[in-house]
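Student: Need a 3D model of the following:
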Amino acid sequence: MAIAVLVKALGAFFAIMNPFVNLPLFLSLTQGQDAVTQRRTAVRTTISSTVMCAVVLFLGAAILRFFGIGVDDFRIAGGIVLLIISLSMLNGSGSSAHEGSAQEKGQHDVVAGDGNDVAFYPMTFPILVGPGTIATIIVIQSQARGLAGHAAVAAALAAVLVALGIVLYFSASIGARLSMTMRTIMTRLMGMILASIAVQMIVVGIQHLFPGLTR
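Tutor: Next up, the predicted model:
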């Protein structure tokens with residue numbers, strides 16, 4: 001059971017936070033930085049992403065209860081958000097729910113152009129740990145059962161964050177070797193996986209809210 005949860009969580013987290021898909025965004029935001037500064041930005045981005053993910057992982061359900069939101073309600077809403085993001089990945093266009101609107105992207109360019117730190121905004125939020133990532137973490141965590149299940153979710157998230165840190169730290173070298181064809185294939189593949197997870201989230205949420213539909 002824990003292995004199944006681990007595999008599912010690993011696929012979901014990697015699909016939504018895919019380091020290779022987000023690599024071009026990181027390179028564009030840090031293009032004016034030297035190698036040392038770029039690596040420092042990568043470390044700060046990884047740390048801030050880890051902190052945000054940890055907060056969502058351990059406090060996400062409590063926050064939902066505070067606002068009186070049921071897990072199944074959030075599961076459906078999160079599934080819709082993920083479905084929108086996955087469809088944009090399959091179409092080869094960025095989703096405003098994940099990467100920000102055109103106006104927000106303009107602000108991102110201003111931040112980078114002014115030499116300001118882009119580690120938290122916009123790299124961590126909303127690019128890496130945006131609405132889609134937050135929804136995925138909360139829903140996957142809510143589906144885990146027992147200590148082994150929760151440990152599997154935490155391990156999967158940690159593995160993806162480690163991969164993220166490695167890819168961003170060596171972004172210049174990896175970016176030079178990662179062809180546009182490989183980026184396109186990976187984006188489409190991750191979009192398909194994310195779409196499947198989103199559909200499952202919506203279906204399970206509807207089944208729990210309307211149990212009569214499954215009879």
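
Student: show me what contacts Gly92?
Tutor: Thr184, Thr187, Arg188 (Cβ atoms under 8 Å, 6 or more residues apart in numbering). Where C-beta positions appear, they are placed from N, C-alpha and C, glycine not excepted.

Student: Now do Val153: how many residues are near it, please.
Tutor: Val153 has 24 neighbours, counted by other Cβ atoms under 10 Å.

Student: What's the mean pLDDT across stretch 12-32?
Tutor: In this model, stretch 12-32 carries a mean pLDDT of 88.

Student: What is the helix of greatest length in the chain packed up against?
Tutor: Counting by DSSP state H, the longest helix found in the chain is helix 35-66. Here helix 35-66 touches helix 71-91, helix 131-143, helix 146-169, helix 171-177, going by 3 or more Cβ pairs under 8 Å, 6 or more residues apart in numbering; DSSP states H and E.

Student: out of those, nearest to Gln33?
Tutor: helix 171-177 (10.1 Å; Cβ to Cβ).

Student: ok, residues contacting the closest one?
Tutor: Contacting residues not belonging to helix 171-177 are listed as Phe20, Leu23, Pro24, Phe26, Leu27, Thr30, Ala35, Gln38, Ala42, Val167 [Cβ under 8 Å, 6+ apart].

Student: Just the buried ones out of the residues you listed, please.
Tutor: Buried members of the contacts of helix 171-177, scored by 16 or more other Cβ atoms under 10 Å, are Phe20, Leu23, Phe26, Leu27, Thr30, Gln38, Ala42, Val167.

Student: Adding distance to Thr133 as columns, could you present the residues you listed in JSON lines?
Tutor: Putting the buried ones among the contacts of helix 171-177 into JSON lines (distance: Cβ to Cβ, whole Å) gives the following:
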{"residue": "Phe20", "distance to Thr133": "16"}
{"residue": "Leu23", "distance to Thr133": "16"}
{"residue": "Phe26", "distance to Thr133": "16"}
{"residue": "Leu27", "distance to Thr133": "20"}
{"residue": "Thr30", "distance to Thr133": "21"}
{"residue": "Gln38", "distance to Thr133": "23"}
{"residue": "Ala42", "distance to Thr133": "18"}
{"residue": "Val167", "distance to Thr133": "16"}
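
Student: out of these, who's nearest Leu82?
Tutor: Among the buried ones among the contacts of helix 171-177, and counting by Cβ to Cβ, the member closest to Leu82 is Phe20, at 18.8 Å.

Student: How about the closest one, nearest residue that isn't a chain neighbour?
Tutor: Of all residues beyond its chain neighbours, the one nearest Phe20 is Met186 (5.5 Å), with distances taken as Cβ to Cβ, 6 or more residues apart in numbering.

Student: ok, the one you found - contacts?
Tutor: By Cβ under 8 Å, 6+ apart, Met186 lies in contact with Asn18, Phe20, Val21.
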